[in-house]
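> Build the 3D model from these lines:
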Amino acid sequence: MAAAKSETSAAAAGSTARTGYNPLEEFFEADRGRDDDKPVVYGRSWKASELRLKSWDDLHKLWYVLFKEKNMLMSQRQMLHAQNLRFPHPERLPKVRKSMCRIKHVLTERAIEEPDPRRSSEMKRTINAL
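This is a model prediction of the structure:
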């Protein structure tokens, strides 16, 4: 079994090396080797007070990083569910969702505080599109 897995992973690594970068790999977490005995510690969700210190552009960049992470986790969860395997560390997905919700909240606060009604309306449309 281990030999078949190493052959499969070697073949996959060879095909990736030949074709270059595969963007679909971003939807799946990199496998950890069996030598990694240390438990993986994942971070916490962002606090609203931390997010209020960030610029509009930084919050948008962080939103898309979290969006990509959420898609990766959901793809991995679906793939493992289809194989009747357990999704490791399911607490990660709520942390990402909570951070995304807090980003929208902070951006909405800023849009409400905007004195220019036209700009405030534009900001709210952008936020609602997220």
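
> Output the below-cut-off pLDDT ranges for the protein.
Confidence mapping of the chain against pLDDT under 70 gives the ranges 1-19, 24-40.

> what residue is smack in the middle of it?
Centroid check for the chain by CA atoms, centre = their mean gives E69 as the closest residue, at 1.1 Å.

> Contacts only, for that one.
Shown in contact with E69 (CB atoms under 8 Å, 6 or more residues apart in numbering): V96. The C-beta positions use only the backbone N, C-alpha and C, and glycine is treated the same way.

> Is it in a helix, a strand, or coil?
At E69 the chain is in helix, as set by DSSP: H, G, I helix; E, B strand; the rest coil.

> From K95, how far out is it?
Distance, E69 to K95, by CB to CB, to the nearest Å: 9 Å.

> Could you do P115 as well?
34 Å.

> Tell me which of those two has more neighbours.
Between P115 and K95, K95 has the larger neighbour count (other CB atoms under 10 Å), namely 18 against 6.

> which residue packs closest to that one, ignoring adjacent ones?
S45 (4.2 Å; CB to CB, 6 or more residues apart in numbering).

> K70 too?
K70 sits nearest to V96 (CB to CB, 6+ apart), 4.8 Å away.

> Just the element for the one you found, please.
Secondary structure from DSSP states H and E places V96 in helix 92-113.

> just how off-centre is the very next helix or strand once past that helix within its chain?
Note on helix 92-113: by DSSP H and E, the next helix or strand toward the C-terminus is helix 117-129. Distance, stretch centre to chain centre, for helix 117-129: 25 Å (CA atoms, centre = their mean, to the nearest Å).
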